[in-house]
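A.B. asks: what's the 3D shape of this:
(2 chains)
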Number of protein chains: 2
Amino acid sequence: MGHGKHGRKATSKHDGWDVTPADALRVAPGFDLAGFDHASTPGWKHGRKAGEALVARHAAELSELQERLFAEGRSGGARSVLLVLQGMDTAGKGGIVRHVVGLVDPQGVAHRSFGVPTSEEARHHYLWRIRRALPRPGYIGVFDRSHYEDVLVVRVDELVPADVWEKRYDEINRFEERLVEAGTTVVKVALLVSPEEQKKRLLERLDRPDKYWKYNPGDVDSRLRWPAYQEAYQAVLDRTNTEVAPWYAVPADRKWFARLAVSELLLDALRRLDLGWPPADFDVDAERARLLAT
Amino acid sequence: MGHGKHGRKATSKHDGWDVTPADALRVAPGFDLAGFDHASTPGWKHGRKAGEALVARHAAELSELQERLFAEGRSGGARSVLLVLQGMDTAGKGGIVRHVVGLVDPQGVAHRSFGVPTSEEARHHYLWRIRRALPRPGYIGVFDRSHYEDVLVVRVDELVPADVWEKRYDEINRFEERLVEAGTTVVKVALLVSPEEQKKRLLERLDRPDKYWKYNPGDVDSRLRWPAYQEAYQAVLDRTNTEVAPWYAVPADRKWFARLAVSELLLDALRRLDLGWPPADFDVDAERARLLAT
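C.D. replies: As a prediction, the model looks like this:
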């Protein structure tokens, strides 16, 4: 820490949190999805207003650290950040992208949504399209859905035999381990919405013509398989919650909290990189003289 | 116009402009770069404060229209927008991306910077990498530099023989014509900075360690070829300023004006698409009943 005007805040206190947001939200061993409170605000000491204010107050630091990361990438650095967003329909992944990722320079963001594989993607290994979308050095990659769909919808809808998806958990862990070794900080966020809140949000999409485009009859089909999805999510959180690429469980019934949580997790990830500004790789005085002569 | 709360502003008046921003900035036949005033604010009746206020005031409309475009793309529409940013080093392309493009949802933006071609790119036709980066339906594509580099730096530095780059103007016009026919609105912006202002901005990069990463000794080399670049830019504006894909000449010595201008040009392009919300492609009542039964 200690690079520039925003660096100091990091170590001062928890800014309204009981513990760090990462500690408050990290999936612990024995985590049980069945007992999860989707409307809770773990670790956060205040309400909505203070939460929104903190997001706004941290925006400048988030943006500056993103720029330092970008600068590092342009100067030969290998590091990057990958934010993985998983959640049932209406969990608020899109809102996170708009309101949290939208706080930083679009130039440094590589956003990618993963839907049903295209015919080309389907001809390859399931990690092929993921590898191609990984953030380059200096970038913040954002995955709206991800390789985890290959052990979620694929498992629930039995799109491949059990012995195929069964092997994927370990494979994903190895994949992410290599990713981290190569310099990518992986922040995996499970946005957890309750079935009641999902119903409300889906109904709202049917009530508002400006939301029709977000509605897909398939969303109700997935909803009907809620217990199977819960089981599949539980398996993901049990089996891919590694030391190098841990999961964060974010209650998503309160949109303001989910946005606060993800913005703080992203900020925390950037702070941990201890980013400075790259030194000049040219002779500053010589360049100044050359420039003044023009 | 007339879709929703923001639609009406479009036809009301020019919101501080003498004429529409598009009319004020569009490159006219006989446009002469040599007589251009880089610090002017063509068509704008007020000063900086009012300009910044207008950008802020139009942000919600810009964002909503972008969402409508995105919704249309998700519902089978073919339309998209491509913002092409060209300009000498320090002209402010990056600032436009951060401050103007940053006003809309990152989910709907496809940003791409074009630098020196990679070895793979160099093996292909110069439009190959451009085609691969074109915005998909519903997206706003942003090119920080573009295929125009293939008649700018390539011409100035004689990277290919004259008879090769000479053919490219017509080829680019045909390429853009097909692009427009396929549903892409092309907004081409030449950010025009004066040599004096460029010198100031380059010196600032040398004075501030947090700006070193933006400085490249090659920038001074380009600067030394200013007249050749002016000639190359003049040729671009003379020969590729078509009816379907016109150029806008934006004075860039005042950053606030360049940002105002591009944000208004982008807004204007979106307004002209007369974007509604896509109708439901499912039976709303039947879906509501199905959902309520869950």
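A.B. asks: in the stretch 101-250 of chain A, which spans are strands?
C.D. replies: Along the stretch 101-250 of chain A, counting by DSSP state E, counting those that start in this stretch, strands occupy A:109-113, A:140-144, A:184-192, A:247-251.
A.B. asks: Tell me which of the ones you listed sits nearest to chain B.
C.D. replies: Comparison of these against chain B by CB to the nearest CB identifies strand A:109-113 as nearest, at 5.3 Å. Every C-beta, even on glycine, is put in place using the N, C-alpha and C of the backbone.
A.B. asks: Please tell me how far that closest one is from the chain's geometric centre.
C.D. replies: Going by CA atoms, centre = their mean, to the nearest Å, the spacing between the C-alpha centre of strand A:109-113 and its chain's C-alpha centre is 11 Å.
A.B. asks: Could you show which parts of the stretch 1-150 of chain A are in contact with chain B?
C.D. replies: Neighbours of chain B within the stretch 1-150 of chain A, by CB under 8 Å from any CB of the partner chain: A:4, A:71, A:74-75, A:94, A:97-98, A:101-102, A:105-107, A:109, A:111, A:113, A:142, A:144.
A.B. asks: Could you list which of the residues you listed belong to helices?
C.D. replies: Secondary structure from DSSP state H places A:Ala71, A:Arg74, A:Gly94, A:Val97, A:Arg98 of the residues of the stretch 1-150 of chain A next to chain B in helices.
A.B. asks: Return a selection command, for use in PyMOL, containing the buried ones of those residues.
C.D. replies: Command for PyMOL, covering only those of these found buried under the criterion 16 or more other CB atoms under 10 Å in any protein chain shown:
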select buried, chain A and resi 71+94+97+98
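A.B. asks: Dump the ones in helices among the residues of the stretch 1-150 of chain A next to chain B to JSON lines, plus pLDDT.
C.D. replies: Conversion of these to JSON lines gives the following (pLDDT from 0 to 100):
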{"residue": "A:Ala71", "pLDDT": "98"}
{"residue": "A:Arg74", "pLDDT": "95"}
{"residue": "A:Gly94", "pLDDT": "96"}
{"residue": "A:Val97", "pLDDT": "96"}
{"residue": "A:Arg98", "pLDDT": "96"}
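A.B. asks: which of the ones in helices among the residues of the stretch 1-150 of chain A next to chain B lies closest to B:Pro278?
C.D. replies: Among those, A:Gly94 lies closest to B:Pro278 (CB to CB), at 16.1 Å.
A.B. asks: Not counting sequence-adjacent ones, nearest residue to that closest one?
C.D. replies: Counting by CB to CB, 6 or more residues apart in numbering or on different chains, the nearest residue to A:Gly94 once its immediate chain neighbours are dropped is B:Gln107, at 6.3 Å.
A.B. asks: quick one on the thing from earlier: could I get the strands of the stretch 101-250 of chain A in JSON lines, plus columns for mean pLDDT?
C.D. replies: Putting those into JSON lines (pLDDT from 0 to 100) gives the following:
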{"stretch": "strand A:109-113", "mean pLDDT": "96"}
{"stretch": "strand A:140-144", "mean pLDDT": "98"}
{"stretch": "strand A:184-192", "mean pLDDT": "98"}
{"stretch": "strand A:247-251", "mean pLDDT": "98"}
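A.B. asks: ok so, going back, quick check: of the ones in helices among the residues of the stretch 1-150 of chain A next to chain B, which lies closest to A:Arg57?
C.D. replies: Out of these, the one with the shortest distance to A:Arg57 is A:Arg98. That distance is 19.0 Å, counting by CB to CB.
A.B. asks: Surely that closest one touches B:Asp105?
C.D. replies: Yes - A:Arg98 sits in contact with B:Asp105 when judged by CB atoms under 8 Å, with a separation of 4.5 Å.
A.B. asks: where does A:Phe282 sit relative to chain B, distance-wise?
C.D. replies: As defined by CB to the nearest CB, to the nearest Å, A:Phe282 lies at a distance of 5 Å from chain B.
A.B. asks: Now that residue: which helix or strand?
C.D. replies: With elements taken from DSSP states H and E, nothing contains A:Phe282; it lies in neither a helix nor a strand.
A.B. asks: List the backbone torsions phi and psi for it.
C.D. replies: phi -150, psi 170 (degrees, to the nearest 10).
A.B. asks: can you pull the pLDDT of it?
C.D. replies: A:Phe282 carries a pLDDT value of 96.
A.B. asks: pretty sure the residue nearest to A:Gly94 contacts A:Val97?
C.D. replies: Yes - B:Gln107 is within contact range of A:Val97, at 4.7 Å (criterion: CB under 8 Å).
A.B. asks: Now for those two: what residues contact both?
C.D. replies: Residues touching both B:Gln107 and A:Val97 (CB atoms under 8 Å, 6 or more residues apart in numbering or on different chains) are A:His111, A:Asp144.
A.B. asks: List the backbone torsions phi and psi for the residue nearest in space to the middle of chain A.
C.D. replies: Centroid-nearest residue in chain A, with CA atoms, centre = their mean: A:Leu83, separated by 2.9 Å. A:Leu83 has phi and psi values of phi -100, psi 120 when expressed as degrees, to the nearest 10.
A.B. asks: ditto for the one 5 residues further on
C.D. replies: With angles defined as degrees, to the nearest 10, A:Met88 sits at phi -70, psi 170.
A.B. asks: Check the one 3 residues further on too.
C.D. replies: Backbone dihedrals for A:Ala91, given as degrees, to the nearest 10, come out at phi -70, psi -20.
A.B. asks: Ok, A:Val84 next?
C.D. replies: phi -100, psi 120.
A.B. asks: separation between it and A:Val27?
C.D. replies: Between A:Val84 and A:Val27 the distance, using CB to CB, to the nearest Å, works out to 13 Å.
A.B. asks: neighbour count winner among the two?
C.D. replies: In this comparison of A:Val84 against A:Val27, neighbours counted by other CB atoms under 10 Å in any protein chain shown, the higher total goes to A:Val84 at 22 against 18.
A.B. asks: So, low pLDDT: which residues of chain A?
C.D. replies: Across chain A, the stretches falling below the confidence threshold (pLDDT under 70) are A:1-13.
A.B. asks: now do 90
C.D. replies: Under the criterion of pLDDT under 90, the regions of chain A flagged as low confidence span A:1-15.
A.B. asks: now the helices for it?
C.D. replies: Counting by DSSP H, chain A has helices at residues A:9-12, A:21-25, A:48-74, A:93-99, A:119-122, A:128-133, A:153-156, A:162-166, A:168-181, A:195-207, A:217-224, A:226-239, A:255-272, A:284-292.
A.B. asks: Distance to B:Val220 for those - can I get that in a markdown table?
C.D. replies: Supplementary listing: the helices of chain A in a markdown table, determined by distance: least, CB to CB, whole Å:
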| stretch | distance to B:Val220 |
| --- | --- |
| helix A:9-12 | 37 |
| helix A:21-25 | 45 |
| helix A:48-74 | 18 |
| helix A:93-99 | 39 |
| helix A:119-122 | 44 |
| helix A:128-133 | 37 |
| helix A:153-156 | 54 |
| helix A:162-166 | 57 |
| helix A:168-181 | 39 |
| helix A:195-207 | 55 |
| helix A:217-224 | 56 |
| helix A:226-239 | 53 |
| helix A:255-272 | 33 |
| helix A:284-292 | 5 |
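A.B. asks: count of neighbours near A:Trp128?
C.D. replies: The number of residues packed near A:Trp128 is 14, by other CB under 10 Å.
A.B. asks: before we move on, what about A:Tyr169?
C.D. replies: By the measure other CB under 10 Å, the count of residues near A:Tyr169 is 16.
A.B. asks: cool, A:Ala269 as well?
C.D. replies: With other CB under 10 Å as criterion, A:Ala269 counts 19.
A.B. asks: Please apply the same query to A:Ala162.
C.D. replies: Residue neighbour count, defined by other CB under 10 Å, stands at 9 for A:Ala162.
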